[in-house]
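A.B. asks: Sharing a sequence plus its predicted fold:
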Amino acid sequence: MPGIPQSLTLIAKPESLAPVTEFVRKGAREANLPELRVRELELLIEEILVNIWQYSYPEGAPGTVAVTYSVPRPGEMEIEVADQGVEFDPLTADPPDLTLDLSRRPVGGLGIFLLKSFANSMNYRRHLGWNRLSFWISASP
Amino acid sequence: MTIDCIQVEGKVVLHVVGRMDAESAAQFEGQCDSCISEGSTSLIVDLGDLSYVSSMGLRSFVGVAKKLKNKGGELRICRLTGLVRQVFEITRLNQLVPMYDSVESAVIGG
């Protein structure tokens, strides 16, 4: 139903990427987002999940990730991804230096930059031991 | 994701189809490493049928481009569309790796 939040909680591990992606795709269909925006949404979700399983939880002790979405009105979707790992606000991460040549360019470090580039807005808060990262995505960029 | 490896005018062309995400990026890098260990110093990657790439995929492209440059060759990429083109442009990887509109122009290079 429109506006009613839907939630999925899974263990934060690479194998959870596919079911979480399918879960948010369902919301994107409800919101009637165009295909390119759906792909961007999938990218946002993957970048957040990779950050969680790589940095939030110590190796060998994975925790949970809870993904919640709602469709407040057609063409809009609100998403929150929450974990109970190490406190980390990705929005404070330093931006990558995109002017470096190939020999000096690090192989990684682009995930958070992509997050900030594609989400319409993004908000982080630490609350009762949870990292809560929320954003919304609309049919138009 | 599937990867077909063909020879065009003596150059190795990897045709990557599907999605390159956190689960499949290593497969691409592994395929490129195999080509490099078999003697290739330059590779052409056809992304015309790749619909999705994440930062884990980009990591593989940068890693492969560095390896080829260290061998005196280069990575050439062609036929980017949609989200894949957007991601390469936003991260300015299109300025580090030569991009072409077709396999034929990538083979010719320059």
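C.D. replies: Alright, I've got the coordinates. Numbering: from 1, shown residues only, chains lettered A, B, ... in the order given.

A.B. asks: avg pLDDT for stretch A:13-33?
C.D. replies: Averaged across stretch A:13-33, the pLDDT comes to 95.

A.B. asks: Stretch A:108-123 now?
C.D. replies: 91.

A.B. asks: How about residues contacting that stretch?
C.D. replies: Contacts to stretch A:108-123, defined as CB atoms under 8 Å, 6 or more residues apart in numbering or on different chains, come from residues A:40, A:43-44, A:47-48, A:50-51, A:90-91, A:93, A:95-96, A:133-138, B:54-56, B:58-59, B:87, B:90-91. C-betas here are computed from N, CA, C, even on glycine.

A.B. asks: So which of those are in strands?
C.D. replies: Among the contacts of stretch A:108-123, the residues falling in strands (DSSP state E) are A:133-138.

A.B. asks: got the contact list for the residue nearest to A:Trp53 when sequence neighbours are not counted?
C.D. replies: Leaving aside its chain neighbours, A:Trp53 sits nearest to A:Ala12 (4.6 Å; criterion: CB to CB, 6 or more residues apart in numbering or on different chains). Residues near A:Ala12 by CB under 8 Å, 6+ apart: A:49, A:52-53, A:56-57, A:62-65, A:83, A:85.

A.B. asks: ok, how many other residues are close to A:Leu133?
C.D. replies: The criterion is other CB atoms under 10 Å in any protein chain shown. On that basis, A:Leu133 has 23 neighbouring residues.

A.B. asks: isn't B:Ile36 right up against B:Lys69?
C.D. replies: No. With contact defined as CB atoms under 8 Å, B:Ile36 and B:Lys69 do not form a contacting pair (11.5 Å).

A.B. asks: mind listing the strands for the chain?
C.D. replies: You didn't say which chain, so I picked chain A. Going by DSSP E, chain A shows strands at A:6-11, A:64-70, A:76-83, A:121-127, A:130-138.

A.B. asks: Oops, wrong one, chain B.
C.D. replies: Under DSSP E, chain B gives strands at B:2-8, B:11-20, B:43-53, B:75-78, B:99-100.

A.B. asks: mind giving me JSON lines with the ones you listed and columns for mean neighbour count and distance to A:Pro106?
C.D. replies: Shown next, in JSON lines, are the strands of chain B (neighbours: other CB atoms under 10 Å in any protein chain shown; distance: least, CB to CB, whole Å):
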{"stretch": "strand B:2-8", "mean neighbour count": "12", "distance to A:Pro106": "25"}
{"stretch": "strand B:11-20", "mean neighbour count": "19", "distance to A:Pro106": "19"}
{"stretch": "strand B:43-53", "mean neighbour count": "22", "distance to A:Pro106": "17"}
{"stretch": "strand B:75-78", "mean neighbour count": "23", "distance to A:Pro106": "17"}
{"stretch": "strand B:99-100", "mean neighbour count": "19", "distance to A:Pro106": "21"}
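
A.B. asks: Could I get those in CSV, plus columns for mean pLDDT and distance to chain A?
C.D. replies: Formatted as CSV, the strands of chain B follow (pLDDT from 0 to 100; distance: least, CB to the nearest CB, whole Å):
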stretch, mean pLDDT, distance to chain A
strand B:2-8, 96, 17
strand B:11-20, 97, 9
strand B:43-53, 98, 6
strand B:75-78, 98, 9
strand B:99-100, 98, 14
